[in-house]
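*Asks:* Got a predicted structure plus its sequence, pasted below:
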Amino acid sequence: MRILGIETSCDDTSIAIVRDGIYVEAVLTASQINAHRPYGGVVPELAARMHTQAIHHLLPRCLEKAGLTWSDIDQIAVTTTPGLEGALLIGVVVAKTLGMMLNRPVIPVNHIYGHIYSAFLDTDTPPEFPFVALVISGGHTQLWSVTGHYQFELLGQTRDDAVGEAFDKVARQLGLTYPGGPPVERRAALGNPSRFKLPRPLRDSPFEFSFSGLKTAVVQLVAEIGTLDETTVNDICAGFQASVIDTLIEKAGAALRHSQASTLCVVGGVAANQTLVTAASERLVGVRVVAPPRHYCTDNAAMIATAAHFFPITKRGDLKELRVGTVTM
């Protein structure tokens, strides 16, 4: 079974072909980071326009990279929610067109479920059920209890900023580049996390997150200090990242105990933070911590194809009904 996946939920245009739900035969992604960097974040209208420009070039190149033709594709998968509406629409229109032209089923995929299923990609030892999924990205911070394929229970999520958004905003305050995760992690490795006392937010709620207060604490600290030298920037990054990691691991541990699970899947763009993954592996005793390779942490179509592979056939709807916002549950 080969599924061609399409992902256009935000600022990455991605096409992939996945065999049997696990083996990635080809994946191509056109990043828009350079276009959005001057604005310090994603501009929705620009993102949609760039998806339109990129997607038609990526489709034939992906088939060529895999050494396949359209006749080798059994199903089409596409992200339909959540995401930027204009960006999602590009992928949905292309997927429906391909479905009608090739007479192939088109499977709508929830972007969050795609991130969870990224832990199954290119591995002979996929996570065993039950497990807890910590979904951390620029738009989402969520804890899920997963007891089987498409058996998800949302335990808690952020009340305000997502963790990746907090990294971006802190990086902007410190004069670092967008996206903020990589430069903050690099500078944190050079800093002293104990120099500045930053809050560990929402400790009284085991599964919910809040990062707006932590972000505000950094903004106030920067205003109090005034001119920042290199050492101070490093130390603020270290303190901020330590607060984030402590919070994520503490709440993931509570979710594991609640779910009676011994596996934690750390997925989403912020899962590329190796400091976090290493700390989780060290602190969560007796827990298997699974994180996808870095190239499957950020938005990609391989995870969408994999999520579609495991979607129950009995719940698949009519192609004519597929639209932005269609959910796979």
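*Replies:* Structure's in. What do you need? Residues are numbered from 1 along each chain as shown.

*Asks:* pLDDT score for Gly317?
*Replies:* We have a pLDDT of 57 for Gly317.

*Asks:* should've said Thr216
*Replies:* pLDDT, Thr216: 95.

*Asks:* and it, helix, strand or coil?
*Replies:* helix (DSSP: H, G, I helix; E, B strand; the rest coil).

*Asks:* List the contacts of the spatially closest residue to Ile107 that is not a sequence neighbour.
*Replies:* Excluding its sequence neighbours, the residue lying closest to Ile107 (Cβ to Cβ, 6 or more residues apart in numbering) is Ala308, at 4.0 Å. For glycine as for every other residue, the C-beta is placed from the backbone atoms N, C-alpha and C. Ala308 makes contacts with 3, 5, 75, 77, 107, 109, 328, as judged by Cβ atoms under 8 Å, 6 or more residues apart in numbering.

*Asks:* hang on, Ile249 is in a strand, isn't it?
*Replies:* No. Counting by three-state DSSP, Ile249 is not part of a strand but helix.

*Asks:* need the contact list for it.
*Replies:* Neighbours of Ile249 in contact, by Cβ under 8 Å, 6+ apart: 276, 279-280, 283-284.

*Asks:* change it to 10 Å
*Replies:* Shown in contact with Ile249 (Cβ atoms under 10 Å, 6 or more residues apart in numbering): 134, 264, 266, 276, 279-284, 289.

*Asks:* before we move on, back to that, for the contacts of Ala308, pick the one with the most neighbours.
*Replies:* Among the contacts of Ala308, the one with the most neighbours (other Cβ atoms under 10 Å) is Gly5, at 32 neighbours.

*Asks:* helix or strand for it, which one?
*Replies:* strand 2-7 (DSSP states H and E).

*Asks:* so what secondary structure elements neighbour that strand?
*Replies:* strand 12-19, strand 23-31, helix 44-66, strand 75-81, helix 85-102, strand 106-110, helix 111-117, helix 301-309 (3 or more Cβ pairs under 10 Å, 6 or more residues apart in numbering; DSSP states H and E).

*Asks:* between it and helix 85-102, how many degrees?
*Replies:* Here strand 2-7 runs at an angle of 160 degrees relative to helix 85-102 (axes from the mean of the first three to the mean of the last three Cα atoms, to 10 degrees).

*Asks:* Give me the angle between strand 2-7 and strand 23-31.
*Replies:* 20 degrees.

*Asks:* All set, thanks.
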